[in-house]
Structure formats: structure tokens, C-alpha cells
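Asks: what would the 3D arrangement of this be:
(one chain, ligands or ions: 1)
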Amino acid sequence: MIIAVDGPTASGKGTIAKALAAHYRLPHLDTGLLYRAVGRQVFLDGGDPDDAGHALAATTFPEGLLLDPELRSEASGGLASRVSIHHSVREALYERQRTFATQPGGAVLDGRDIGTVIAPDAEVKLFVTASLEARARRRWKEMRDRGDPRTLEDITEDLRRRDDRDSTRAEAPLRAAEDAVVIDTSAMGIEEAIAAAIAAVDAKHPAE
Ligand code: DC
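Replies: Next comes the predicted model:
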């Protein structure tokens, strides 16, 4: 069974995808991490993330980079969003994601275009979303706990910019697949969101 989990930043999709993978004993790929690695590699190369050539060259990043904690930063998220608009970058990362999705036994992948481009054949597609306010507040609390002084207003503005770039780009824009189950986590705690996701998968695929 392939489970595709798409949605905007800080919607809870990553946590939900991880929990689904554990629940159904499936391997999990956080595809955002690949784009983050490309963005980080461009930065390390001293290149320009908005330049398609520079971004494409960075898709051959070393595997070890995927373990770099810096990939989780807001700066890497912003770079990832910028390199992800280039067709050549998306094409270069396609095969790796498709191979992961179609491995025997199935997989859980989370990202922006899993249900629409990488695995349109997924048995279950979830679109996890939440209001901008709810997502900004979550991100702000996480950052505050890590000692990051950024304000809620700054973070809201950042998310708004990222949402806008991810959903208006020409290729594989962020959107729910027509056959996706939408889960709005704005008013849910994490346990409730995971339970809703498991219920949605079981409803779509009762045999597993
Ligand atoms: O999910 P994330 O915040 O780690 O993703 C970072 C950026 O990578 C996101 O702003 C857009 C891009 N991305 C993408 O274009 N397609 C994906 N499948 C996953 C991420």
C-alpha cells in the first residue's frame, strides 16, 4: 500500500506520516528533506537558489547531508522552497522518490506533490492542512522552545510567503489530489490528528 501525505509547512503532515509508517509498518520518506538538502547544498556551494543551473548541480548532494540537523532550520526550508520551483530539480529528484514509493510492500511518503505527481496511483492520499494562524503558532512555539527569538508575526509572514511560492509555482504546485481525504488539523492535538489519519487510511483500505 502506498500512502501519500501532502500538505503545507507545519500542517502536521510529517508527524502524521511518521506515525502512519509506524502503525502500518511501512518505510517512510520525508521528501521535503531532499529539497532541503538541495537548498543547503546550493548555499554551501555559494550558489544562487533561484538559478536553475546552480540548483540542478546541487541535486548530486552527498548522502551524508541528509543527516545534517541544519536541514531542519527555517533557513533551509526557505532555500528548499526556492530550489523546488525549477523543473530540472524536480525531474532530478523524481526517480529516487518514485523508486521509494513503488518498493515491494509499499511506503509512506510526505511532501507537496506525492498524490498528484510522484504516486498518483497511491491507494491512500491524505491532504493534511491547517489555518495559517494555527500553523504559525505551532512553529512559533517550537522555535521558542529551542530558544529562537523570532516573533509570531515574522513566522506568519514567512509561512505565508512559502505557501504562496509552493502553491503558485508552475510545476507540481501544492494542491490536494482530487481523490485525497482532507484532514484539517487546525483545532486538533497531535494524537487526535494521528487518529483521524489512521481512520482515513482504514476507511480507504480496510484490508490492510
Ligand atoms: O515539507 P518541507 O517544509 O520540508 O518542504 C520544504 C520545501 O520543499 C517546500 O517549501 C517545497 C519543497 N517541496 C516540494 O516542492 N515538493 C515536495 N514533495 C516536498 C517539498
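
Asks: the ligand contacts on the chain?
Replies: Residues of the chain found near the ligand (Cβ under 6 Å from any ligand atom) are 9, 31-32, 35-36, 77, 80-81, 84, 111-113, 162, 166. Where C-beta positions appear, they are placed from N, C-alpha and C, glycine not excepted.

Asks: so which residue is dead centre in this protein?
Replies: Gly111 (3.1 Å; Cα atoms, centre = their mean).

Asks: who's that one bridged to?
Replies: Beta-bridge pairing for Gly111 (DSSP bridges): Asp6.

Asks: thought Gly32 was touching it, still the case?
Replies: Yes. Between Gly111 and Gly32 there is a contact at 5.8 Å, judged by Cβ atoms under 8 Å.

Asks: before we move on, back to that, next, the contact list for the residue nearest to the centre of the chain, please.
Replies: The neighbours of Gly111, taking Cβ atoms under 8 Å, 6 or more residues apart in numbering as the test, are Val5, Asp6, Asp30, Thr31, Gly32, Gln97, Ile118.

Asks: out of those residues, which is most surrounded?
Replies: In terms of neighbours by other Cβ atoms under 10 Å, the contacts of Gly111 top out with Val5 at 33 neighbours.

Asks: any idea how far Ser88 is from that residue?
Replies: Between Val5 and Ser88 the distance is 25 Å, computed by Cβ to Cβ, to the nearest Å.

Asks: grab the longest helix from this protein for me.
Replies: helix 152-168 (DSSP state H).

Asks: below-threshold pLDDT in the protein: ranges please.
Replies: 206-208 (pLDDT under 70).

Asks: let's see it at 90
Replies: The model of the chain has pLDDT under 90 over residues 9, 73-74, 142-143, 146-149, 165-175, 204-208.

Asks: residue boundaries of the helices in it?
Replies: Going by DSSP H, the chain shows helices at 13-24, 32-45, 52-57, 74-83, 87-101, 132-145, 152-168, 190-204.

Asks: give me the neighbour count for Thr15.
Replies: 17.

Asks: kindly apply the preceding question to Arg112 instead.
Replies: 25.
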